[in-house]
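**Student:** Fold the stuff below for me.
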Amino acid sequence: MRFNNIHYTFLGFLFLLNYSYAQPFQIGHTTINFTDASRSNRVIATEIYYPSDVAGDNVALTTATTDTFPVLSFGHGFVMTWDAYQNYWEALVPNGYIITFPKTEGSLSPSHLDFGKDLSFVLNQMVALGNNSTSIFFNRISIMNAVMGHSMGGGASFLAAQLNSNIKTLVNFAPAETNPSAITAAASITIPSLIFAGVNDCVTPQNTNQIPMYNGLGSSCKTLISIIGASHCQMSNSNSLCNFGELTCTPTATITRSVQHAKIFSYLRPWLDYQLKGICTQGNLFDTQLIGDTSVTYFKNCIQCNPLENGFLNTIDEIVFYP
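**Tutor:** Okay, here's the model as predicted:
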């Protein structure tokens, strides 16, 4: 056998094997107050969930692997709190992600721009902790990351992506238009982007929120998935304030919260696994699922993984096998 760059392909194959047989992690949790000196020492209280060997508060990161983990910065909805998004940390942390929830801008008059800046700042601070030998995150933070959010936090995630060129992918759930405008900010965003919408969302209808955001995105790879029968508040766990707001409008959901969550994660996990971990098979899974899925409608303008252009196969110069 003669090698040029074929060893990269083999390493990629081994990585996929390791991923396929990896056991889910437990969920660790800690709270950190970050301080942004550039904004009058603004304090950003942040809840952080991470892979561990034993579930609990302030436990060590997992020692089952020495891998680094992608960080996801998640923005909450209007007057909602981070604990409404337990469905996200329970679905993603066991698969090898760190998810952070800035708790700022929870008032009745939030600053969308400051919230976007907070989402961006926390990602940068997690990288700094990865370089800090006294932190539990020392040497465990990947350079791959995502900014995410629901409703107001989804709109703010556009503002964060516009501000931070180090963000690798943008994902949000029924994002709401913000001030300054997330729709306007979309034009300057070129990273891969995924938007989830609910067809029965009467709080942030897709025709005036998610579709203009999708159309405005400057990304060469972007997808909008509209879940049939899904509502705005069912993007998260049940939250009394969100539910109260949804009582004032129609239509209402025609699918259950658990069905809506299952649909979200059937696409969210493959998207993140491909965009942040480079697992080509997960990118292909994302694409093939959409083709025959009658429970959603979608707009999409890219193939998630073309092995001749992405990943390891583009490093091959020549492959020759001998007995």
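**Student:** so what pLDDT did Q304 get?
**Tutor:** On the pLDDT scale, Q304 is placed at 88.
**Student:** helix, strand or coil for the closest residue to it other than its chain neighbours?
**Tutor:** Closest residue to Q304 apart from its sequence neighbours, by CB to CB, 6 or more residues apart in numbering: G283 at 3.2 Å. Every C-beta, even on glycine, is put in place using the N, C-alpha and C of the backbone. Under DSSP: H, G, I helix; E, B strand; the rest coil, the three-state class of G283 is helix.
**Student:** Equivalent analysis for S109, please.
**Tutor:** Per three-state DSSP, the local secondary structure of S109 is coil.
**Student:** I48 too?
**Tutor:** strand.
**Student:** Run a quick check on it versus H29, I expect a contact.
**Tutor:** Yes: using CB atoms under 8 Å, I48 is in contact with H29, at 6.9 Å.
**Student:** which of those two has more neighbours?
**Tutor:** Shown here are I48 and H29; by other CB atoms under 10 Å, I48 has more neighbours (21 against 16).
**Student:** partners of the more buried one in the sheet?
**Tutor:** Note on I48: beta-bridge partners by DSSP bridges are T30, T100.
**Student:** Quick check: pLDDT value at it.
**Tutor:** pLDDT recorded at I48 is 98.
**Student:** List the contacts of it.
**Tutor:** I48 makes contact with H29, T30, T31, I32, I98, I99, T100, F101, according to CB atoms under 8 Å, 6 or more residues apart in numbering.
**Student:** Y97 now?
**Tutor:** P51, F69, P70, V71, L72, L272, L276.
**Student:** do you know how far the residue nearest to Q304 is from M148?
**Tutor:** Counting by CB to CB, to the nearest Å, the gap from G283 to M148 is 18 Å.
**Student:** now T256
**Tutor:** Taken as CB to CB, the span from T256 to M148 is 23 Å.
**Student:** go on, S240?
**Tutor:** 23 Å.
**Student:** And the helices in the stretch 201-323 of the chain, which stretches?
**Tutor:** Residue ranges of the helices in the stretch 201-323 of the chain, as given by DSSP state H, counting those that start in this stretch, are 210-216, 240-246, 257-277, 280-291.
**Student:** Give me the helices and strands touching the last one, please.
**Tutor:** Using 3 or more CB pairs under 8 Å, 6 or more residues apart in numbering; DSSP states H and E as the contact test, the elements touching helix 280-291 are helix 257-277, strand 296-300.
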